[in-house]
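Student: How does the following fold in three dimensions:
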Amino acid sequence: MRILMVSPYPPVRDGIAAYAVQAVAALRSQGHDVEVLSPGPSAAHHHLDLVGPRGALALAKRVRAYDRIIVQFHPDVFYRVPSTNRERAATSAALTAAFRAASDVEVRVHEIDYRSGRANTPQGLAARALWRSVSRIVVHTESERDDFVKAFGVRPECVVLAPHGEHFSRRTPHDKASARRSLALPETGHVFVAIGFIQPHKGFDRAVRAFAGLGHHGAQLHVVGSVRVEEAAYLSYLAELQALISSTEGATLHPGFVSDELFDRWLAAADTVVLPYRSIWSSGVLERAALYDTPVIATAVGGLPQQAAARSDVTLVDDDSGLRQALWAVARGSHAAVGRRSAWRVEGSAPTIREFVQAEVRRRAAPHRVSPLLASGPTTTSSSLHVADATAPLRRLSPIQLPAGRSRRSSAALVQRLVRRLTAWQLEPLVVQVNALRAATLEALERSAGHAVAGPDAPTPVLTRSGSQDTGSG
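Tutor: Below is the predicted model:
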């Protein structure tokens, strides 16, 4: 069978792209002739700007040459961001034409806004018509299936379930011991890992707050990942996360995109993977952790309860309090808690009142304090002002990001978006490096100013791997 896969594709840094590679490999192993069409320059066979009605109509001209079309669907691939209701309705209508031109269309839905199908507006009508034109809609959990049927009025038999990890395989040869050695992690002490694209809905800040205080007991939390899209909201969240981690003993941020092999190596090295999501459809990280028999603590959102139902080593929690209890219980040896919903109090393993108060004080002070390196030592108003004066000129320079097209003329905006896509793979590493240099320079200035205020005879701060001062039990 001749198949066209429509999807982001490597070397694009995207979770859907990684998912598509594994799906293509599985189809080819079954003897199918598979070609890939991506929305931007990549290792795919074909490249086509799919955003907006023109992109969808251009796709319609290509689908007739194939026996089957498989679409890895995310709204941002097809719908302009931001866009008006009229623009979204036009895009949905054009996609409907493209899907009806094909003989067989399967759409694997990675994310969607159900509100677009519930509205009694032209946009809602167009969205419902779009999804009724698809041969098969693939989702990963029963809750997604039920919500999709209700929102878009499609026939239940057209929405099928497929395990999120059905095509997943191991991508590293390391076991836990060798993975830890390669990552310079200690052999002892409980290692928590939260990994993935750094976005507010991933809730990595929740994991750091829940972890606060465990560093005193030798545990470590490693947050690993990069910002998926260089947008102001995501960069702001990254900066807040960096500040929070720098004030939390035992927590370390590893910013930057990781390869498939390195991603799996972190999962193999972990004692526990933490998925503190605020919202999610289903989780590829949870599926990949299963390949290495690594236990998981996750919030019970989206389809995660159903996705985790077949595993006995997944602890589901309902809120921040449950997340904290689960981390403390696991780190301090309460392994009996793993594999059941965490709605209990941790007797004998919760932090002491003193530890909890200290952790909360550090958390609340983090957004306001000038330097994490001065947090545990005696500080005065003059010392804080001294550090603020030293770093003020650099702090006035915001982290840089790739500019978005701003022209009001559609033709110029199209050219700007095209140029941005063509050059992003070259420019993004530079942006990350410049922002890292800014952060490192700020830290160096803070250390220098803090040492000058404390005096040459003051004890030198002891730094943890996260770059924050080791406060010990003081």
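
Student: element containing A233?
Tutor: In this structure, A233 is located in helix 232-246 according to DSSP states H and E.

Student: list the helices and strands that helix packs on?
Tutor: Helix 232-246 sits against helix 204-211, strand 251-255, with contacts defined as 3 or more CB pairs under 8 Å, 6 or more residues apart in numbering; DSSP states H and E. All C-beta spots, glycine's among them, are computed from the backbone N, C-alpha and C.

Student: Strand partners (parallel or antiparallel) of the shortest one?
Tutor: According to DSSP bridges, the neighbouring strands of strand 251-255, each with its direction, are strand 220-225 (parallel).

Student: quick one: contacts of the strand it pairs with?
Tutor: Residues outside strand 220-225 that contact it (CB atoms under 8 Å, 6 or more residues apart in numbering): 185-186, 189-198, 204, 207-208, 211, 214-215, 241, 245, 248, 250-255, 257-258, 263, 266, 270, 274, 465.

Student: who touches the one helix or strand L262 maps to?
Tutor: Using DSSP H and E, L262 falls within helix 260-269. With CB under 8 Å, 6+ apart as the test, helix 260-269 has contacts from 18, 170-172, 174-176, 179-180, 182-183, 185, 191, 193, 195, 222, 224, 258, 273, 285, 288-289, 291-292, 294.

Student: Which ones among those lie within helices?
Tutor: When DSSP state H is applied, the contacts of helix 260-269 are split such that A18, K176, A179, R180, S182, V285, R288, A289, L291 fall in helices.

Student: can you tell me which two in those are farthest apart?
Tutor: A18 and R180 (23.8 Å; CB to CB).

Student: quick one, phi psi at V71?
Tutor: phi -110, psi 120 (degrees, to the nearest 10).

Student: sorry, back to before: return the angle between stretch directions for the helix holding L262 and helix 284-291.
Tutor: Angle, helix 260-269 to helix 284-291, by axes from the mean of the first three to the mean of the last three CA atoms, to 10 degrees: 60 degrees.

Student: can you give me how far helix 260-269 is from the chain middle?
Tutor: For helix 260-269, the distance from its own C-alpha centre to the chain's C-alpha centre is 15 Å (CA atoms, centre = their mean, to the nearest Å).

Student: coming back round to it: out of the contacts of helix 260-269, which are buried?
Tutor: Among the contacts of helix 260-269, the ones that count as buried by 16 or more other CB atoms under 10 Å are 18, 171-172, 174, 176, 179-180, 183, 185, 191, 193, 195, 222, 224, 258, 273, 285, 288-289, 291-292, 294.

Student: excluding its backbone neighbours, what's nearest S92?
Tutor: Closest residue to S92 apart from its sequence neighbours, by CB to CB, 6 or more residues apart in numbering: A126 at 3.8 Å.

Student: Sorry, wrong one. I was asking about P156.
Tutor: In space, P156 comes closest to V149 once its chain neighbours are excluded; the distance is 5.3 Å by CB to CB, 6+ apart.

Student: Check L57 too.
Tutor: Nearest residue to L57 in three dimensions, chain neighbours excluded: A94, at 5.1 Å (CB to CB, 6+ apart).
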